[in-house]
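[1] Sequence first, then the predicted structure, then my questions.
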Amino acid sequence: MNHSSNSPLQAPTGTTAAAAPCVSQSRTIDAKTRRKVIAASFIGNFVEWFDYAAYGYFAVTIAAVFFPSDDPQAGLLMTFGVFAISFLVRPVGGFIWGHLGDKIGRREALSWSILLMTGATFCIALLPGYASIGFGAPLLLLALRLVQGFSAAGEYAGASAFLVEYAPANRRGLYAAVVPASTATGLLFGSLMAAGLTVLLSTGDLESWGWRIPFLLAAPMGLIGRYIRTKLEDSPAFLEASESSTPEGSPVGSLLKNHWRQLVQAAGAVLLNAVGFYVILSYMPTYLSEELGLDATRSYLATTVALLTYVGFIFITGMLSDRFGRKRILISASILFILFTVPAFMALESGNFLVIVLVQILLGAMLTLNDGTLPSYLAEMFPTKVRYSGFAVSFNLSNALFGGTAPFVATLLIATSGNVLAPGWYLMGAAVISLVAVACSVETSRKPLV
């Protein structure tokens, strides 16, 4: 194989067939091809999560446009309710995209998923508000969010499987870390844009047209990502599995029949990621401004700093998981969240901006131990012929039940209990469940893919 020595995402010189049994050595993968795979995976997830960032960070504005109410918290709950409902289709999407990805290939499924996501996101930018068409506005918003949720169900899982199947055997954790890194980068750009537009525009301009800008940008970025994907060959592991054995009649049926234990363990392991990601990286600016009284610009700035450090930590975590194994890193993440989540939320109540930034950096670093390891862990847990299905179903099931609902549940818990620490307790509970699930699973980092 031809590996470049200039990138940490290339295998070190001297990697042998014995050390990398995951793909057939008859298929050579050069550095240029791997860079294209990385770029295609990065752009697709970036577009998806840039949109989710825009929706989360402009939640207060979107509430005013689509759910005007005398009670701001009621409008915010309805906004996050649409966010949560859009996740209900993700398990359905996981089954369908998983089936397609395991039957016709990862590349084909990923090329169509990004096209659907891009189209729905662009259409949101064109929606009229409640003042123009009444209840039709939130109904159209919900419909487009459902399309986004369906298409997103195939993106994260497919990109992770694609990267793991292209990676050298001893760099699968590092390669797969590209997916959460692209996710965080999408959130980072969304946060920067939200902060910039909040500073530059009046409230009236934001509600009139400013909030639409991030959604309009999805079209060119998504089309670039689709173009790159259509120029790639499918992954070596998928091609080898397709050529060497009879294809599964129904990958999802085989998954539920023969790999249900791994499916349950995987769904439990995802729980910390599902709740932690949306509470710490998406809901946090709203929490800081609406619940703790921090001004919106500083809330966005604190989250932006945390996201910058998160992206750097993600790749370190990927390398650590390659060296020490997936289970150790995932278990460490759960234990840290159990011990420090509630104290961290107590520290946020200080209102001191420096303390808030440091706490968000700490929470983000803890989250990377889970997020940076999870893509390779989930992809390695399932055999090639059901890998896309296993990843997509487990990941989207947990995200539908607990991830998409996290901002809504956090807001509701605070409203009903009057306790601003409620999101911290909720996150700690998710960590306990993930700890049990990972502890019951087997180590996957040394497992051949085919």
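    Noted; the coordinates are in hand.

[2] now the lengthiest helix in the chain: mean pLDDT?
    In the chain, assigned by DSSP state H, the helix with the most residues is helix 136-166. Within the predicted structure, the mean pLDDT of helix 136-166 is 89.

[3] do the same with stretch 55-64
    For stretch 55-64, the mean pLDDT works out to 81.

[4] now it: how far from the chain's centre is it?
    Relative to its parent chain, stretch 55-64 has a centroid offset of 20 Å by Cα atoms, centre = their mean, to the nearest Å.

[5] Excluding its own residues, what touches that stretch? List them.
    Surrounding stretch 55-64, the residues in contact under the criterion Cβ atoms under 8 Å, 6 or more residues apart in numbering are 69, 72, 75-76, 78-80, 83, 141, 145, 190-191, 194, 206-207, 210-211, 214, 278, 282-283, 285-286, 289-290, 296, 300, 407. To be clear about C-beta, it is placed using only N, CA and C from the backbone, and glycine gets the same treatment.

[6] One more: stretch 111-125?
    The set of residues that contact stretch 111-125 without belonging to it, under Cβ under 8 Å, 6+ apart, is 44, 47-48, 51, 97, 100, 141, 144-145, 147-148, 150-155, 158, 212-213, 215-216, 218-219, 221-223, 225-226, 229-230.

[7] Buried ones among these?
    Among the contacts of stretch 111-125, those buried by neighbour count (16 or more other Cβ atoms under 10 Å) are 44, 47-48, 51, 97, 100, 141, 144-145, 147-148, 150-155, 158, 212-213, 215, 218-219, 221-222, 225-226, 229.

[8] List the contacts of Ala344.
    The contact partners of Ala344, taken as Cβ under 8 Å, 6+ apart, are Val359, Leu362, Leu363, Gly424.

[9] and the third one, what does it touch?
    The reference is to Leu363. Counting by Cβ under 8 Å, 6+ apart, Leu363 has contacts Gly276, Ile280, Ala306, Thr341, Ala344.

[10] Which of the residues in stretch 335-352 are classified as buried?
    Applying a neighbour-count criterion of 16+ other Cβ under 10 Å, one finds Leu336, Phe337, Ile338, Phe340, Thr341, Val342, Ala344, Phe345, Leu348 buried in stretch 335-352.

[11] Could I get the CA-only coordinates of that stretch as PDB?
    Below are the C-alpha coordinates for stretch 335-352, written out as PDB (Å, rounded to 0.1, in the frame of the first residue of the first chain):
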ATOM      1  CA  ILE A 335     -17.100   7.400  35.000                       C
ATOM      2  CA  LEU A 336     -16.000  11.000  34.500                       C
ATOM      3  CA  PHE A 337     -19.500  12.100  33.700                       C
ATOM      4  CA  ILE A 338     -20.900  10.300  36.700                       C
ATOM      5  CA  LEU A 339     -18.400  12.100  39.000                       C
ATOM      6  CA  PHE A 340     -18.200  15.600  37.500                       C
ATOM      7  CA  THR A 341     -21.400  16.500  35.600                       C
ATOM      8  CA  VAL A 342     -23.500  17.900  38.400                       C
ATOM      9  CA  PRO A 343     -20.500  19.800  40.000                       C
ATOM     10  CA  ALA A 344     -19.800  21.300  36.600                       C
ATOM     11  CA  PHE A 345     -23.400  22.600  36.200                       C
ATOM     12  CA  MET A 346     -23.200  24.000  39.700                       C
ATOM     13  CA  ALA A 347     -20.100  25.900  38.600                       C
ATOM     14  CA  LEU A 348     -21.900  27.400  35.700                       C
ATOM     15  CA  GLU A 349     -24.300  29.100  38.100                       C
ATOM     16  CA  SER A 350     -21.500  31.300  39.200                       C
ATOM     17  CA  GLY A 351     -22.100  33.500  36.200                       C
ATOM     18  CA  ASN A 352     -18.400  34.200  35.900                       C
END
